[in-house]
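1. Structure here, sequence nowhere to be found:
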């Protein structure tokens, strides 16, 4: 037992799994013991059954949601990074535009979504716009801070070696910004998913091409609670996968050198 | 960079320069520095740096020694007065036989770049192709005793090794004038002595001109051919000590009575320099 428990890698995977197993087991047991009706609170086994039974529709819905999430995330990363570059180039532009970036951030997407859905004809596009709005701000602010947080000594070194604007950007500013950029990616990817789900709740698209939010709404109307949980489970799974993907990317880019990604040595 | 010959010709004619051999590398001509908040970091200073000398600036904190070094590096500009490099403007710097390198107080390495990448940075920025910079990087690392560390990241090295990388990066451009701002200040005494000896050997073998800022009396005496003692508020040159101890110097010099005498002398001058000057009687 001891050697296995001492392995950091093993504990890292095993410990959360054990906690999960206990929680799910306790949930199943409690529901059976007190005979909680399925329409009030379904057992994990009911949810699993529903997930299996409705797999085609639910997976199709997951695909729709994920597509919107990725589109929005992509737009947020591209736009956010571009805006950050603009901010860094000119103090004046930053001062003039930053309040509007904040305005964008503090306005709840639920409140803006109906407006966007009216303005943008294509529902998918409208949902993407909403999710982009939610995911945009962390990219702007993180990348801006990153591009600004250049070590002064290194900046002097570049100046002394008569480095041009482009060389300084590529060799100094961008590498300095990477840790902040990746922190932004982690926040932003999660927000893109939240934005996509929330916007769909508001839009309430029906028929074909609807996402997981619609499945949840629909299941609620039909009192098909296990299906509702199944859809919820898929959303959570998608969120976790996104987070892991970003963590992996971050490790890939910063693993060799940045303190946050370097394995503890002791 | 390519049009400097005309400028040089014009300035030489104007300044009626002496023959090339005795030409000073840097002339500080009544240069001072007053910062925007009114503090006078450096009162007008006159100082000439001759080729091949090892000049050390020493003094209490606030004496403007770093400011003076930064003026020489053209990292800041004087408020009044001016500086000459090779009897010309700063555009004289950079050509063959006129290269300048600066070693900062901290190693200032790029954490995302491997040691080889850090050392080759000045060459990369100058547009030297990898095929030609590779051997020079290897040679510079060998000179500071870090061969085989090319593929490490800075965080994998100790403080002393990082400082060596920083020096290798300065050496890779084959500088003629090496400016160092308390480069070993953060290191333990043992490492510092070792690096001092290595630096001195390097200076001697490569006929460098060094300007070195330090807090340490022993370091100043061991390294220098000339020590400039500075005083504070406002920063100014207090006294100058010439040390004609022959090269190469080694531990024998460190343990000699002469070394102790020089240290004692320098120490008393520094004590004078640290006294509150009669001009600034306030506070």
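-> Received, thanks. Computed from a predicted model, the values in this text were never measured in an experiment.

2. from here on, contacts and neighbour counts on C-alpha atoms
-> Noted.

3. Quick check: phi and psi on the closest residue to residue B:116 other than its chain neighbours?
-> Nearest non-adjacent residue to residue B:116, counting by C-alpha to C-alpha, 6 or more residues apart in numbering or on different chains: residue B:150, 4.6 Å away. For residue B:150, the backbone dihedrals (degrees, to the nearest 10) come out as phi -50, psi -40.

4. what's the answer for the one 4 residues further on, then?
-> Taking degrees, to the nearest 10, you get phi -50, psi -40 for the backbone angles of residue B:154.

5. Could you check the pLDDT of it?
-> You'll see residue B:154 listed with a pLDDT of 92.

6. What is the neighbour count of it?
-> For residue B:154, the neighbour count with other C-alpha atoms under 10 Å in any protein chain shown is 23.

7. quick one, what contacts it?
-> Residue B:154 makes contacts with A:257, B:109, B:110, B:111, B:113, B:114, B:115, B:162, as judged by C-alpha atoms under 8 Å, 6 or more residues apart in numbering or on different chains.

8. From residue B:63, how far off is the second one?
-> I take that to be residue B:109. Separation of residue B:109 from residue B:63 (C-alpha to C-alpha, to the nearest Å): 28 Å.

9. swap in the fifth one?
-> In this structure, residue B:113 lies at 36 Å from residue B:63, with C-alpha to C-alpha as the measure.

10. Can you classify the residue in the stretch 1-150 of chain A positioned nearest to chain B by secondary structure?
-> Residue nearest to chain B within the stretch 1-150 of chain A (C-alpha to the nearest C-alpha): residue A:150, separated by 10.3 Å. What DSSP: H, G, I helix; E, B strand; the rest coil gives for residue A:150 is coil.

11. I'd say it and residue A:176 touch.
-> Yes. Using C-alpha atoms under 8 Å, residue A:150 makes contact with residue A:176 at a distance of 6.0 Å.

12. of those two, who's got more company?
-> residue A:176 (23 against 16).

13. Now do the contacts for the residue nearest to residue B:116.
-> Shown in contact with residue B:150 (C-alpha under 8 Å, 6+ apart): B:114, B:115, B:116, B:138.

14. now the last one, nearest residue through space, not along the chain?
-> Distance criterion C-alpha to C-alpha, 6+ apart; nearest residue to residue B:138, sequence neighbours excluded, is residue B:147 at 6.9 Å.

15. Phi and psi next, for the one you found.
-> phi -70, psi 140.

16. What about it, how many residues nearby?
-> Neighbours of residue B:147 (other C-alpha under 10 Å): 13.

17. Does it touch residue B:141 like I think?
-> Yes. Residue B:147 lies in contact with residue B:141 (C-alpha under 8 Å); the separation is 5.4 Å.

18. Might you enumerate the residues of the stretch 101-250 of chain B proximal to chain A?
-> Within the stretch 101-250 of chain B, the residues that sit near chain A (C-alpha under 8 Å from any C-alpha of the partner chain) are B:102, B:104, B:108-113, B:122, B:125-126, B:153-155.

19. Now do the strands in the stretch 1-150 of chain B.
-> Taking DSSP state E, counting those that start in this stretch, the strands of the stretch 1-150 of chain B run over residues B:26-34, B:40-49, B:54-58, B:80-85, B:100-103.

20. Check those strands for me and report the most buried one.
-> Compared across those, strand B:54-58 shows the largest average neighbour count, a mean of 26 (mean count of other C-alpha atoms under 10 Å in any protein chain shown).

21. residues making contact with that one?
-> B:49, B:65, B:209-217, B:220, B:223-230.

22. In helices, which of those fall?
-> Of the contacts of strand B:54-58, the ones assigned to helices by DSSP state H are B:65, B:217, B:220, B:223.

23. ok, the second one to chain A distance?
-> Right, residue B:217. Residue B:217 is 26 Å from chain A, where distance means C-alpha to the nearest C-alpha, to the nearest Å.

24. Excluding chain neighbours, what is closest to that residue?
-> Per C-alpha to C-alpha, 6+ apart, closest to residue B:217 is residue B:263, 6.2 Å.

25. go on, residue B:187?
-> Leaving aside its sequence neighbours, residue B:187 sits nearest to residue B:160 (C-alpha to C-alpha, 6+ apart; 6.6 Å).

26. How many residues are close by the one you found?
-> Here the number of neighbours of residue B:160 (other C-alpha under 10 Å) works out to 18.

27. That one: which element?
-> helix B:159-171 (DSSP states H and E).

28. What helices and strands are in contact with that helix?
-> strand B:100-103, helix B:115-125, helix B:130-143 (3 or more C-alpha pairs under 8 Å, 6 or more residues apart in numbering or on different chains; DSSP states H and E).

29. Would you mind giving those as CSV with distance to residue A:114 and mean pLDDT added?
-> What follows is these, written out as CSV (distance: least, C-alpha to C-alpha, whole Å; pLDDT from 0 to 100):
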stretch, distance to residue A:114, mean pLDDT
strand B:100-103, 60, 91
helix B:115-125, 52, 94
helix B:130-143, 57, 90
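
30. any idea of the pLDDT on residue 2?
-> Went with chain A since none was named. What the model reports as pLDDT for residue A:2 is 55.

31. Actually, chain B is the one I wanted.
-> Residue B:2 is given a pLDDT of 44.

32. picking up where we left off before, of all the residues of the stretch 101-250 of chain B next to chain A, which two lie farthest apart?
-> Greatest spatial distance among these (C-alpha to C-alpha): B:126 and B:155, at 26.0 Å.

33. picking that back up, out of the residues of the stretch 101-250 of chain B next to chain A, which one sits closest to residue B:23?
-> residue B:102 (21.3 Å).

34. In this structure the closest one contacts residue B:170, no?
-> Yes. Residue B:102 lies in contact with residue B:170 (C-alpha under 8 Å); the separation is 6.4 Å.

35. any residues in contact with both of these two?
-> Jointly contacting residue B:102 and residue B:170 under the rule C-alpha under 8 Å, 6+ apart are residue B:178.

36. between the helices and strands packed on helix B:159-171, which gets nearest to residue B:188?
-> strand B:100-103 (18.1 Å).

37. in its sheet, what does that closest one sit against?
-> Partner strands for strand B:100-103, per DSSP bridges, with pairing direction: strand B:177-181 (parallel).

38. by how many degrees do whichever helix or strand comes after the partner strand and strand B:177-181 diverge?
-> Where DSSP H and E defines the elements, the next helix or strand beyond strand B:177-181 is helix B:189-206. On the basis of axes from the mean of the first three to the mean of the last three C-alpha atoms, to 10 degrees, helix B:189-206 is oriented at 170 degrees to strand B:177-181.

39. Which strands or helices does helix B:189-206 pack on?
-> Here helix B:189-206 touches helix B:217-223, going by 3+ C-alpha pairs under 8 Å, 6+ apart.

40. Can you pull up the most central residue in chain B?
-> Centroid check for chain B by C-alpha atoms, centre = their mean gives residue B:179 as the closest residue, at 2.2 Å.

41. Distance of that residue relative to residue B:31?
-> According to C-alpha to C-alpha, residue B:179 stands 18 Å off from residue B:31.

42. quick one, what contacts the closest residue to chain A within the stretch 101-250 of chain B?
-> Distances between the stretch 101-250 of chain B and chain A by C-alpha to the nearest C-alpha are smallest at residue B:112, namely 5.3 Å. Contact partners of residue B:112, counting by C-alpha under 8 Å, 6+ apart, are A:175, A:254, A:256, A:257, A:258, B:153.
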